[in-house]
Each structure stands twice: as structure tokens, then as C-alpha cells.
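[1] Sequence below, structure please.
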Amino acid sequence: MKALLRGAMAVLWVPAFAWAAPPQRIVDAWYAHNATLLMLGASDRVVATVVTPQRFPWMYRVAPMLKKAEIINTTSVNAEELLRLQSDLVFVPTSLHAASALRAVGLNVAEEGFDRFEGLLDCVSSTAELLQDEQAKSQAQAYRTAFTQALAQSGEGRNAPAPRVLHIASLHPLQIDGDQSIIDQWIRHAGGVNAAQGVHGNKRPVTIEQILVWNPDIVILGADAGDTALLTQDPLWQRVKAVQDRRVYRNPAGVFNWDRYSPELLLQLEWSREIIQGGKVDRPAMIARIRDFYRRFYSYDLGDADATRILDAEPPIAKNG
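    Model (predicted):
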């Protein structure tokens, strides 16, 4: 397990005045981090977010209070707008490179970014500290405990040779996820190896010709990457071993995409182990795990039908009225 946690990166800047009082007006400019605030019981404090109900409908179903928050643009966070909102805590991704400019006008800014499991856990813990809420701190510790227990079930090294797994972020344009990413880490944790050899980072452009060279044993499409049926209908994709062997899967997604940088990565660990090691998921057991996760960590009572939709990466059914 130590090898899985090695190289974690979490970045957090805590200004001296952050501890004056618990923040009540929060801006969250990182998509994935909004799910962390939800888990820590702080969605009702969010006054502005980059998350839209169209892109993340499950988040708004579980945390309807987000409907009161303003929608901001993640690529051009405007300091004047945040001052107008009287923000007392602003979360930004480290990749945005906007923190110094926002701090210069007096905003209380926390940068968050990670590419390893331990970084996720540190992000959850540091966010709970910034919220100055004992219940949030308790929830963060409960999540760390559950995640650490899940890591103990590692499938790394169980398969010889380990199946080559390609994770596709987008079919049009064609983009894949390489190493130096949390995607690569859960692939290895599940007992596979990343087929995208020599590619570093997330959402990297690639050609179908290169994928034919890699010829992965398993292909996993991100929830919003495109339809898995497109691969079986394409003459070039039909030459890929994973397509021939019918080992193409669509990654689940709920409040946030399971495969990336949010608390539901805990569910991804189990799902990916079953997919990579056995080729299928025990659906009744996985649905029960989804319901338990939402109850424990999102304080939301999810029914079997909704849990099934999350497992199949489908949006919630719109409510009448």
C-alpha cells in the first residue's frame, strides 16, 4: 500500500486570517472539489461554483442548495465578482494559476491539487480544517479510514501478466489518460497496467493508429467520453483486442465522475478491481455499496433504481414539477 501512496501531491495555502471565524460564504472554482464540500456538509455555504446542473445533475439532486449559488467561469475567475459576493473562502485548482492575483485584492484563497490517492485524502482533511467544523473533521477521518481499508484490497501483482488497460477521456477528440495521474494509480491498484506507455498526464491527444500499436486488453471509457457502441461499429476499433474480446466498459459516474478527483474514487477502487480482474461487476453488491456510500458520506438516501443509474453512468430521472 505504501507504494500506492508514494508521490502524493496536495497543495494548500492557509492565510493567517483564515482562522478568524468559520467561513460562511464559499466559492469553489474546482469542479471535483465541490463534491468534497458536499461530503463535508458545506454545500449550503457555497455562494458560487463552476458546477452546472447540466454537467453534474447528480450533484444538484443530492445537494439542491447549490441551485442558490451563482455559476462562475473556471477559466477566468474574476476577483471583482468574488469581492461582490463577499466571499470569505475561495477554493481554486492549482492549475488555474490565479491564486496570487486573488490574494492581492484581499481574498482568502486555498489552492488544491493532487495526482495521487494520498493527495485526495489530504485534500479532504485540509478542507475540513478550513471549514472549522468538528462534524466535517469527523467525516474526513471516517472517509480516510474507509479509503485506507479499501486500499488494503489491492489487486496489484495478482495477474501475470497484468492486463493492459486503456482509459479514454474522450472519443471526439480522441484523448486518453496516461501515467502521472490518479487514473494510472487506480488501474495499477486494480491489478492492471496502463496501456498508454510513454504518455504522461490526463486527457492527452492520441491517434487510433497508436492505440492499435498498444492493442489494450481492456478499454474503459470515461462516463462522458462517448458511447461504447461506437467502438464496436468502427472498423479500426474492431481490430483492438479489447473490442474483439468484448472488454469495453463505461465508467460509472454519480455526483462526480468516479474515475477522477472526488470522494467517489472510493467506489472506483472496488469497481475497477472487479472489472480488471474478473471482467464484470457483481451488480447487486455494487448497487448496495453505492447506496451505503451515499448514505454514509453524502447523507443521502439513494434508492436501488437511482444507484443503478449511477452505476450505468446515467443522469437522474427528472422529477415532475
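
[2] my guess is residue 121 is in a strand, correct?
    No. Under the criterion used here (DSSP: H, G, I helix; E, B strand; the rest coil), residue 121 is helix, not part of a strand.

[3] got the contact list for the spatially closest residue to it that is not a sequence neighbour?
    Of all residues not flanking residue 121 in the chain, residue 144 sits nearest, at 5.1 Å (Cβ to Cβ, 6 or more residues apart in numbering). Bear in mind the C-beta positions are built from the backbone N, C-alpha and C, glycine included. By Cβ atoms under 8 Å, 6 or more residues apart in numbering, the contact set of residue 144 is 121, 124-125.

[4] if I look at residue 144, how far off is residue 164?
    Distance of residue 144 to residue 164, given as Cβ to Cβ, to the nearest Å: 31 Å.

[5] mind pulling up the phi and psi values for the residue in the chain sticking out farthest from the centre?
    Residue farthest from the centre of the chain, counting by Cα atoms, centre = their mean, is residue 235 at 32.0 Å. Dihedral angles phi and psi of residue 235 (degrees, to the nearest 10) take the values phi -60, psi -40.

[6] where does it sit relative to residue 70, distance-wise?
    Taken as Cβ to Cβ, the span from residue 235 to residue 70 is 47 Å.

[7] before we move on, what about residue 21?
    Taken as Cβ to Cβ, the span from residue 21 to residue 70 is 22 Å.

[8] do the same with residue 82
    10 Å.

[9] re earlier: and residue 21 and residue 70? which has more neighbours close in?
    Between residue 21 and residue 70, residue 70 has the larger neighbour count (other Cβ atoms under 10 Å), namely 12 against 9.

[10] tell me the helices in the stretch 51-200 of the chain, going along the chain?
    All helices of the stretch 51-200 of the chain, identified by DSSP state H, counting those that start in this stretch, fall at 57-62, 79-84, 99-104, 117-131, 134-151, 182-189.

[11] Now render the ones you listed as JSON lines, adding distance to residue 174.
    Formatted as JSON lines, those follow (distance: least, Cβ to Cβ, whole Å):
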{"stretch": "helix 57-62", "distance to residue 174": "26"}
{"stretch": "helix 79-84", "distance to residue 174": "36"}
{"stretch": "helix 99-104", "distance to residue 174": "33"}
{"stretch": "helix 117-131", "distance to residue 174": "27"}
{"stretch": "helix 134-151", "distance to residue 174": "31"}
{"stretch": "helix 182-189", "distance to residue 174": "16"}
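
[12] quick one, which of the ones you listed is nearest to residue 253?
    Judged by Cβ to Cβ, the one of these that comes nearest to residue 253 is helix 57-62, at 7.6 Å.

[13] Not counting its own residues, what contacts the closest one?
    34-35, 38, 51, 53, 66-67, 253-256, 294, 298, 300, 310, 315-316.

[14] rerun that using 6 Å as the cut-off
    Residues outside helix 57-62 that contact it (Cβ atoms under 6 Å, 6 or more residues apart in numbering): 51, 53, 66, 254-255, 298, 300, 315-316.

[15] List only those of the residues you listed flagged as buried.
    Neighbour-count burial (16 or more other Cβ atoms under 10 Å) applied to the contacts of helix 57-62 gives 51, 66, 254-255, 298, 300, 316.

[16] Just the buried residues of the longest strand seen in the chain, please?
    Secondary structure of the chain per DSSP state E: the longest strand is strand 164-170. Across strand 164-170, burial judged by 16+ other Cβ under 10 Å covers 164-169.

[17] Let me know the closest of the residues you listed to residue 112.
    Distance to residue 112, by Cβ to Cβ, is smallest for residue 169 among these, at 20.6 Å.

[18] what residue ranges in the stretch 1-150 of the chain score low on pLDDT?
    1-20 (pLDDT under 70).

[19] if you set the cut-off to 50 instead, what comes out?
    Counting by pLDDT under 50, the stretch 1-150 of the chain shows low-confidence ranges at 1-18.

[20] before we move on, the earlier item: between which two of the buried residues of strand 164-170 is the distance greatest?
    Maximum pairwise distance among those (Cβ to Cβ): 17.2 Å, between 164 and 169.
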